[in-house]
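Novice: Any chance you could fold what I've pasted below:
(2 chains)
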Protein chains: 2
Amino acid sequence: MHHELAATVMARCDELAAISAERHGLTRPAYTPALRAAHTLVTGWMRSAGMTVYEDAAGNLVGSYPANRSAARTLIIGSHLDTVRDAGRYDGTLGVLVAIAAIEALQRQELRMAYGIDVVAFADEEGLRFGHSFTGSLALTGRLTPEVLQINDADGVSLAEALHAFGGDPEMLAQDARRADDLVGYLEIHIEQGPLLEAQDLPLGVVSAIAGASHCQLTFSGTAGHAGTVPMELRHDALAGAAQFALAVETIARTTPDLVATVGELTPHPGASNVIAGQATLSLDVRHQDDDMRAQALHELQSRAAAIAQSRGLHLTWEDRQQWATVRMSPHFREQLRQAVQAVGYTPIELPSGAGHDAGILAEFTQAGMLFVRCQGGISHHPSEAVAVEDVAAALKVVEQFLMQV
Amino acid sequence: MHHELAATVMARCDELAAISAERHGLTRPAYTPALRAAHTLVTGWMRSAGMTVYEDAAGNLVGSYPANRSAARTLIIGSHLDTVRDAGRYDGTLGVLVAIAAIEALQRQELRMAYGIDVVAFADEEGLRFGHSFTGSLALTGRLTPEVLQINDADGVSLAEALHAFGGDPEMLAQDARRADDLVGYLEIHIEQGPLLEAQDLPLGVVSAIAGASHCQLTFSGTAGHAGTVPMELRHDALAGAAQFALAVETIARTTPDLVATVGELTPHPGASNVIAGQATLSLDVRHQDDDMRAQALHELQSRAAAIAQSRGLHLTWEDRQQWATVRMSPHFREQLRQAVQAVGYTPIELPSGAGHDAGILAEFTQAGMLFVRCQGGISHHPSEAVAVEDVAAALKVVEQFLMQV
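Specialist: Model prediction:
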């Protein structure tokens, strides 16, 4: 049964991969028609697995599988269906579909637990559209701050407007938030997005902690000018300043153990081949499992940015967009997951997550655990993301075992 | 009269500055509804000045002022109405409007010359939309190569399609080209776009030559990946490679006398804050008045780009988009312009142009001359472009003097 369900999960990942906001590749930003289409498809699968389905005020898709008694608490098994740009088909999606398959397995065995199970596809985990991640899980745990609703996307549409157009209700977020007392806890299944499990030849790993991260946005402002007429010594080239900073980020990250730091966006303005850029905006993503080390790196990067701006006669604005501290998974759920992995027949290992997850938000609200599934080459956020159907079957077995134990 | 006409030119520059393809600032790319609106407005002004107006197959707007006899040759006075992104209001536009004002002055005096005068607003001088400059003047001189018509804009629209939609005719370009024998020559009035005239306290300058330039496009390709999970030492970050090259461009230009080199565009892909860029494309603009020096700099830059790609495990593609050799203005027209400047009462000085102009294309086809008008701070390609109405009046006087002499 597990292998057949795993094959269904793989086929469904393929089916969802065709639902994109762009003609080429998989790009499914939050609160878009593409995400709506994905929700519609997944709703059908949830219903087939015996769940009642609704969307909460934040646009999170929820499939509820009832407990064997009334007034029971609820275990949430979640992940997300929104993606980065030009994404792979397993990041997020796999976790939602393994959860649905696990419920399908319970239904086939006519099993109900002493707790209800809500499978949740969180809205806007990746933050592609608004530059703000974990919107859905923050809302579900009652911690989405109202300012976030005012963030605009590239077309000037605010998150509140987008949520409303999607069918959510910005006014009802607080009322729709869960109460921690009502929950058993939170479980998330996700691809590893790193090379560790592959290196150890293991299909699964138990997450110990999610590394803290800081997202910042920098803008260097100089003076635009004609590329042919302004002598080099009179230039205040914002793009050159941004390029120098991007290289400094790389150098500092390379020389600081376990630090990763990334400039993934860089937009010069006006952005024409024959115009010296008067402005350049770039993103900065800094992560470390030691929050003090991360703070220290950020401090060093700020000094470097200021020094670059000063030496070039540029103006610098530095905006802290979002940050989260390192979050440890619940000791009890970690233990339960390790036991489940062992019971199914694999060596139980623990590993940290370099990527952020909704589990990091939930871990500050209820007990949370996370199961990693090996992915090929550790590659994620890329069309070549790949997982093996055998590893998905193993994950399903572990989830089933976990549900019996917990 | 000259001052009144100059004031009209200034007011018309303001009026045209409001016609933009974007909500904020002046951006008027080739063959767009915004350029159509500008042509409509300018057509009215041409007609008021006594010209018959048409558009040729390349979308160049032509206002013809007849000679005082039949079978006369034609002097073209031209510049352009398309702009860069977030442009100033005088680059190109001033030249077209001064030409119209000069014709207006002739009409008021009921003067016709022994030659006809065509005022031409060339299509797509800046190359913003298709990354290919001087499309209109190349077509008018019969030198637009057919491959150029296949270049796509960012939305996948080819130049041929855009020209057709604008009302031009890609099939008729060759037939619509001028014959050099039919021309007296070419005159262009343009803002200096550099700080030299201001430094010498002179309103006008005669252009000696237009510096040669090379436009290239580079793409570094590496491996996209998750910003939180791929260790620094395993990355092939295309954006970091592009940033390193942009800095190398600046360094080489700074250390090579009279060389200017600019990276004005840089686009990482996928371009998300939490994704390592798998690809980064950038523009390169290199100019020098000595063609050998330019070739040598390009060679050095190519070596640097290849070395950067090699050291980072990136793949590099280098595409030569467009280049033009240094072009000297016609000795006769230079002499005539110097005499006209002197006759009007200013010290006649010559200076080279660091920017490319349609005059550079025309100079290889007929005798060509160019008159520079002082601009504030030498600033161009920027909303703060500014010229003084007195300088525009001076330019008008010189053009009128030139028309009498030539």
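
Novice: In this model residue A:268 seems to touch residue A:279, though I could be wrong.
Specialist: Yes: counting by Cβ atoms under 8 Å, residue A:279 sits close enough to residue A:268 to count as a contact (7.2 Å). Backbone N, C-alpha and C define where each C-beta goes, glycine included.

Novice: who touches both of these two?
Specialist: residue A:238 (Cβ atoms under 8 Å, 6 or more residues apart in numbering or on different chains).

Novice: quick one, which of those two is more surrounded?
Specialist: It is residue A:268, of residue A:279 and residue A:268, that has more neighbours when counted by other Cβ atoms under 10 Å in any protein chain shown, with 30 against 21.

Novice: what's that one in contact with, if anything?
Specialist: By Cβ under 8 Å, 6+ apart, the neighbours of residue A:268 are A:238, A:239, A:242, A:277, A:279, A:280, B:264, B:265, B:266.

Novice: In a strand, the third one, correct?
Specialist: Spelled out, that is residue A:242. No: using DSSP: H, G, I helix; E, B strand; the rest coil, the secondary structure at residue A:242 is helix, not a strand.

Novice: wait, doesn't it sit right on residue A:217?
Specialist: No: under the criterion of Cβ under 8 Å, residue A:242 makes no contact with residue A:217, lying 11.6 Å away.

Novice: Any chance you could list residues touching both of these two?
Specialist: Joint contacts of residue A:242 and residue A:217 (Cβ under 8 Å, 6+ apart) are A:281, A:282.

Novice: more neighbours, those two?
Specialist: Taking other Cβ under 10 Å, residue A:242 and residue A:217 do not tie; residue A:242 has more neighbours (29 against 17).

Novice: Tell me who's in contact with the more buried one.
Specialist: So residue A:242 contacts A:218, A:220, A:266, A:268, A:280, A:281, A:282, B:243 (Cβ under 8 Å, 6+ apart).

Novice: any idea of the pLDDT on it?
Specialist: As predicted, residue A:242 sits at a pLDDT of 98.

Novice: got it, and residue A:191?
Specialist: 97.

Novice: same deal with residue A:290?
Specialist: Taking residue A:290 on its own, its pLDDT is 92.

Novice: can you check residue A:38 too?
Specialist: 98.

Novice: Give me the residues contacting the host helix or strand of it.
Specialist: Counting by DSSP states H and E, the element that carries residue A:38 is helix A:33-48. The contact list for helix A:33-48 (Cβ under 8 Å, 6+ apart) reads A:12, A:15-16, A:19-21, A:27-29, A:53, A:55, A:61, A:63, A:81-82, A:96-97, A:100, A:103-104, A:119, A:121, A:123, A:166-167.

Novice: Using CSV, list the CA coordinates for it.
Specialist: What follows is helix A:33-48, C-alpha atoms only, in CSV (Å, rounded to 0.1, in the frame of the first residue of the first chain):
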residue,chain,number,x,y,z
PRO,A,33,-4.9,32.2,-10.1
ALA,A,34,-2.2,29.5,-10.3
LEU,A,35,-2.3,28.9,-6.6
ARG,A,36,-6.1,28.9,-6.8
ALA,A,37,-5.9,26.1,-9.4
ALA,A,38,-3.6,24.1,-7.2
HIS,A,39,-5.9,24.4,-4.3
THR,A,40,-8.8,23.2,-6.4
LEU,A,41,-6.9,20.1,-7.4
VAL,A,42,-5.7,19.4,-3.9
THR,A,43,-9.2,19.9,-2.5
GLY,A,44,-10.4,17.0,-4.6
TRP,A,45,-7.6,14.8,-3.3
MET,A,46,-8.3,15.8,0.3
ARG,A,47,-12.0,14.9,-0.1
SER,A,48,-11.2,11.6,-1.7
